[in-house]
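Participant: the amino acid sequence is not available; the structure is as follows:
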C-alpha cells in the first residue's frame, strides 16, 4: 500500500489550495478514503472522509463548508480542495486508508500546508 500526497505549500489567509493523494497497492475503488491533519504540537485530527463510490462525504466541523473531498477511481486519486484558509488550518495533511485485508491504517508521508501572511 502506498499513498503519496502532493499540493501543499504556503498560502495567504483567505486563499485556496488543493491537495492530492495518489494511491496504489490496494483495491482503491473498494475503500473509503480519509484526510487527516496534524498541527504543530498537536495530535492528528480527522478532516474528511469519502466513501468508496464517492457518493457520501463527511467533514470535521472545523472545515465544513470550506473543504471538499473528492476522488477519481480511475486515476486512484483523492483530492482535498480547501477554501477560505486561515492560520488555524496550518498543519501537515495526511492521506489515509484503513485497509481491511491487513486490518490497519496506512498513511502517506504528509504534505505541509502553511497559512500565513
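Facilitator: Alright, I've got the coordinates. Since this is a predicted model, take the numbers as computed values, not measurements.
Participant: C-alpha from now on. contacts and neighbour counts both.
Facilitator: Noted.
Participant: got the buried residues for stretch 57-64?
Facilitator: Across stretch 57-64, burial judged by 16 or more other C-alpha atoms under 10 Å covers 59, 63.
Participant: try stretch 29-36
Facilitator: So stretch 29-36, judged by 16+ other C-alpha under 10 Å, has buried residues 29, 31, 32, 33, 34, 35, 36.
Participant: who's in contact with the residue nearest the centre of the chain?
Facilitator: Geometric centre of the chain, nearest residue: residue 35, 2.9 Å, by C-alpha atoms, centre = their mean. Counting by C-alpha atoms under 8 Å, 6 or more residues apart in numbering, residue 35 touches 46, 47, 48, 49, 80, 93, 94, 95, 96.
Participant: show me which of those are buried.
Facilitator: Counted by 16+ other C-alpha under 10 Å, those give 46, 47, 48, 49, 80, 93, 94, 95, 96 as buried.
Participant: give me the pLDDT for the fourth one.
Facilitator: Which is residue 49. With respect to pLDDT, residue 49 has a value of 98.
Participant: does it lie in a helix or a strand, and which?
Facilitator: strand 44-50 (DSSP states H and E).
Participant: same question for the last one.
Facilitator: With secondary structure defined by DSSP H and E, residue 96 is part of strand 91-99.
Participant: what lines up beside that strand in the sheet?
Facilitator: Paired with strand 91-99 in the same sheet, following DSSP bridges, are strand 33-38 (antiparallel), strand 104-107 (antiparallel), strand 111-115 (antiparallel).
Participant: ranking these by burial, who's on top?
Facilitator: Ranked by mean neighbour count, the strands paired with strand 91-99 are led by strand 33-38 with a mean of 23 (mean count of other C-alpha atoms under 10 Å).
Participant: distance from the chain centre to that strand, please.
Facilitator: Relative to its parent chain, strand 33-38 has a centroid offset of 4 Å by C-alpha atoms, centre = their mean, to the nearest Å.
Participant: so for residue 49, what's the nearest residue that isn't a sequence neighbour?
Facilitator: Nearest residue to residue 49, sequence neighbours excluded (C-alpha to C-alpha, 6 or more residues apart in numbering): residue 34, at 4.4 Å.
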